[in-house]
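Give the three-dimensional model of this entry:
(2 chains)
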Amino acid sequence: MTETRIDRRFAALKAEGRPALVTFMTAGDPDPETTLALLKALPEAGADVIELGMPFSDPMADGPAIQAAGLRALKGGQTLAKTLNLVRAFRKSDDTTPIVLMGYYNPIYSHGSEAFVVEAKAAGVDGLIIVDLPPEADDELCIPALDAGLNFIRLATPTTDDKRLPTVLTNTSGFVYYVSINGITGSAAPDNSRVAEAVQRIKRHTKLPVSVGFGVRSAEQAAAIGAHADGVVVGSAIVAAIAASLDGEGRATGATVPAVVTLVSELASGVRAARASVAA
Amino acid sequence: MTAPALPNSFKTGPDERGHFGIYGGRFVAETLMPLILELEKAYDDAKYDPAFHAELSALSNFYAGRPSKLYFAEGLTNHLGGARVFFKREDLNHTGSHKINNCLGQILLAKRMGKTRIIAETGAGQHGVASATVSARFGLPCVVYMGATDVERQAPNVFRMKLLGATVNPVTAGNGTLKDAMNEALRDWVTNVEDTYYLIGTAAGPHPYPEMVRDFQSVIGKEARAQILEQEGRLPDMIVAAVGGGSNAIGLFHPFLDDQDVEIIGVEAGGHGLDIENGHAASMSGGRPGVLHGNRTYLLQDADGQILEGHSVSAGLDYPGVGPEHSWLRDTGRVKYVPIIDDEALDAFKVCTRTEGIIPALESAHAIAHVIKIAPSMSKDKIIIVNLSGRGDKDVHTVGKLLGMDI
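Predicted coordinates for the structure are as follows:
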């Protein structure tokens, strides 16, 4: 398939000698205008790849922070079409920062997989992470997505052993998302040495960049994980920062965008220090 | 949706990837995939192991009280004045419902796999009680996830679970009903993959659960088929069961699927009525295919694919999905699915109690309500078997409230 913004971004960062900061937030949390303002602010704050969550009523793999974000977005009337609109609006001012849509299959299935991948590509989406579509279900969405020129980013987990890894990596593109713990998003921090080992194990099977997520909250953790990985994913901490900035009715305030920008800037300094800390 | 070509047999599914037509499958997070594959292998081994079946059979007989009786409901039959109605008395099983059939099978499988911790979801609490029961019997810790709304409306079952040593975790996410409990159980499982066995209570979820739960529940239909042949010398004209997730129904239906002269009817929860948006739990009569909880099946969902909560007076039917085999049986036309609204179920609850001296579970009352509708117009030589899937003691409080009585 043709090169995507994701491929170009990871190649550039490799040349620069540092890992990527991959940030997650839920589209429409708490409203589309705030999400668009955040999208525009994130690259300058230091986000290298942006994951945009497509809210779903039943987020089985998510912890309390991201569950709550999804509910706020749905309560505000967020839909799949509105999420694509956000990406389209973002692309008017930014044609280089990769956008990955992350979520669950049913809203896409309901919309129609074939139509969705074409619309997503046209809107400026670069890749998809769909939690409940294992490789055994590749014909559902993965193959149509690849055909449409989207990356399909697969999760690998501690339970994915060497025997199963090739199955998981087949048809994976863009990068591999290593889930550092068995559990849901926003759980306990991963054990750094085990993460290093796991990343090395995955790299024996693929040339793709490996990003690590689940449980990463601080600049220090980002630096520690980034010493071994090609990317560090932070989600629940950012979503929690959004939640903490809202008013009593759950509406965005003047503090919402600055709160996220401050956190992402710190995390960005963390990933920039990652390789330095290895050298030291 | 166009009907698929009719198969030679309706009993051969699922295929090796867990599909019943387009339904079923394994839509789970990668963390769970290796476990699901391990479970499938373990179940395939157990399925062909005579020792496994011998142990299950002994427990079913001496512990759960099988076979359950096939009872000619003469009082109800006379009251309706039409077809002869037989009850398959799953309410007489240990723990008071059909749920024990599946729990005994799965706890033996968990033991065989070396798992040391049991988790389960429950709606009405029947499956929670059955899970807590078999966990106590086999000395394994058990955690039951139950929606906070259900914890409130099924208080006696919550107490029973606690007495049996289980931990009951109320789930406040969403509307606090069965689907939210299932989400939370899946979150627990993905966090505790090494030691934990997820004992799913209905014939839904990722493959192999729909097949496995159906197999363990099929004892209902196998017995009923043999019993009616022995008692009446012929097969019934019609069999009827309530469908939430659909485990008692598929258990009764499956052994009859290839008996073409037996009409099969699944009764869904019509709640306040199918025309009330989000006011019912009839996923096949009022939903469309989608993907949730590991399988493709009929779901209650909005235009954007968000899952609706649904509503039923019966906590055990209050689920926005249904087992995938039912979805396939619906599309093929082999089974007809009809809705029964809350008020009809409540009337049936009262009629059954007064004419038979049997207090049925509100779930089973839905099936009886359909029988009340159609039996009078059928001739007296016709035979209907209805699955009395559980006893109604747990619902007395709910029904009392609805009838305006203070109990």
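
Quickly find the element holding whichever residue of the stretch 51-200 of chain A sits closest to chain B.
For the stretch 51-200 of chain A and chain B, the shortest gap (C-beta to the nearest C-beta) falls at A:Ser110, measuring 2.9 Å. (Glycine included, C-beta is placed from N, CA and C.) Element membership for A:Ser110 (DSSP states H and E) is helix A:105-111.

if we can go back for a sec, can you give me the distance of the residue of the stretch 51-200 of chain A closest to chain B to B:Gln301?
Using C-beta to C-beta, to the nearest Å, A:Ser110 is found at 7 Å from B:Gln301.

what sits in contact with each of those two?
Between them, A:Ser110 and B:Gln301 have B:Gly290 as joint contacts when contacts are counted by C-beta atoms under 8 Å, 6 or more residues apart in numbering or on different chains.

Run a quick neighbour tally on B:Asp237.
When neighbours are defined as other C-beta atoms under 10 Å in any protein chain shown, B:Asp237 has 17 of them.

and what of B:Ile407?
Quick note: B:Ile407 (other C-beta under 10 Å) scores 8 neighbours.

now A:Leu169
Neighbour count of A:Leu169, defined by other C-beta under 10 Å: 18.

so who does it touch?
Counting by C-beta under 8 Å, 6+ apart, A:Leu169 touches A:154, A:156, A:176, A:202, A:205-206, A:208.

again, but for B:Gln231
Per C-beta under 8 Å, 6+ apart, neighbours of B:Gln231: B:70, B:72.

near chain A, which residues of the stretch 151-300 of chain B show up?
Counting by C-beta under 8 Å from any C-beta of the partner chain, the residues of the stretch 151-300 of chain B close to chain A are B:173-174, B:179, B:183, B:186-187, B:190-194, B:290-294, B:296, B:299.

For residue 110, which non-adjacent residue is closest in space?
Picked chain A for this. The shortest distance from A:Ser110 to any non-neighbouring residue, by C-beta to C-beta, 6 or more residues apart in numbering or on different chains, is to B:Gly305 (2.9 Å).

meant chain B, my bad for not saying
B:Tyr197 (3.7 Å).

Over to B:Arg66?
In space, B:Arg66 comes closest to B:Ser60 once its chain neighbours are excluded; the distance is 4.3 Å by C-beta to C-beta, 6+ apart.

That neighbour: neighbour count?
B:Ser60 has 22 neighbours, counted by other C-beta under 10 Å.

Over to A:Arg251?
Neighbour tally, A:Arg251, other C-beta under 10 Å: 13.

mind checking the SS state of it?
coil (DSSP: H, G, I helix; E, B strand; the rest coil).

The closest residue to it other than its chain neighbours: neighbour count?
Of all residues beyond its chain neighbours, the one nearest A:Arg251 is A:Pro30 (6.2 Å), with distances taken as C-beta to C-beta, 6+ apart. Close neighbours of A:Pro30, defined as other C-beta under 10 Å, add up to 25.

Against chain B, how distant is A:Pro30?
17 Å (C-beta to the nearest C-beta, to the nearest Å).

May I have the secondary structure class of the residue nearest to A:Ser110?
coil.

swap in B:Ile340?
B:Ile340 - assigned by three-state DSSP - is strand.

which residues pair with it across the strands?
Beta-bridge pairing of B:Ile340 under DSSP bridges involves B:Ala269.

what are the ranges of the strands in the stretch 1-150 of chain A?
A:20-26, A:49-53, A:99-103, A:127-130 (DSSP state E, counting those that start in this stretch).

can you check the stretch 301-407 of chain B too?
B:335-341, B:383-388.

What is the neighbour count of B:Gln306?
Residues lying near B:Gln306 (other C-beta under 10 Å) number 20.

That one contacts A:Pro59, doesn't it?
No: the criterion here is C-beta atoms under 8 Å, and B:Gln306 misses it with A:Pro59 at 11.1 Å.

Low-confidence bits of the chain, can you list those?
Just going to use chain A. Chain A contains residues with pLDDT under 70 at A:1, A:277-280.

oops, chain B please
In the predicted model of chain B, residues B:1-5 satisfy pLDDT under 70.

residues contacting the residue in it that chain A sits nearest to?
Nearest residue of chain B to chain A: B:Gly305, at 2.9 Å (C-beta to the nearest C-beta). Going by C-beta under 8 Å, 6+ apart, B:Gly305 touches A:80, A:106-111, B:290.

Phi, psi for it please.
Dihedral pair for B:Gly305: phi 80, psi 20, per degrees, to the nearest 10.

From B:Ala110, how far off is it?
To B:Ala110, B:Gly305 is 34 Å away according to C-beta to C-beta.

Repeat that for A:Asn85.
Going from A:Asn85 to B:Ala110 by C-beta to C-beta gives 47 Å.

Please identify which of the two sits among more neighbours.
Per other C-beta under 10 Å, whichever of A:Asn85 and B:Ala110 has more neighbours is B:Ala110, with 23 against 15.

isn't the more buried one right up against B:Asp195?
No: if you go by C-beta under 8 Å, B:Ala110 and B:Asp195 don't touch, sitting 10.4 Å apart.

What residues does chain A have near chain B?
So far as C-beta under 8 Å from any C-beta goes, chain A lies against chain B at A:56-61, A:63, A:67, A:74, A:79-80, A:105-111, A:131-134, A:136-137, A:154-161, A:164, A:168, A:179, A:182-184, A:187.

Nearest to the spatial middle of chain A, which residue is it?
In chain A, the C-alpha nearest the mean C-alpha coordinate belongs to A:Glu51, at 3.4 Å (C-alpha atoms, centre = their mean).

Repeat that for chain B.
In chain B, the centroid-proximal residue (C-alpha atoms, centre = their mean) is B:Ser247; its distance is 3.0 Å.

count of neighbours near residue 276?
No chain specified, so I'll use chain A. Using other C-beta under 10 Å as the criterion, A:Ala276 is surrounded by 12 other residues.

oops, I was thinking of chain B
13.
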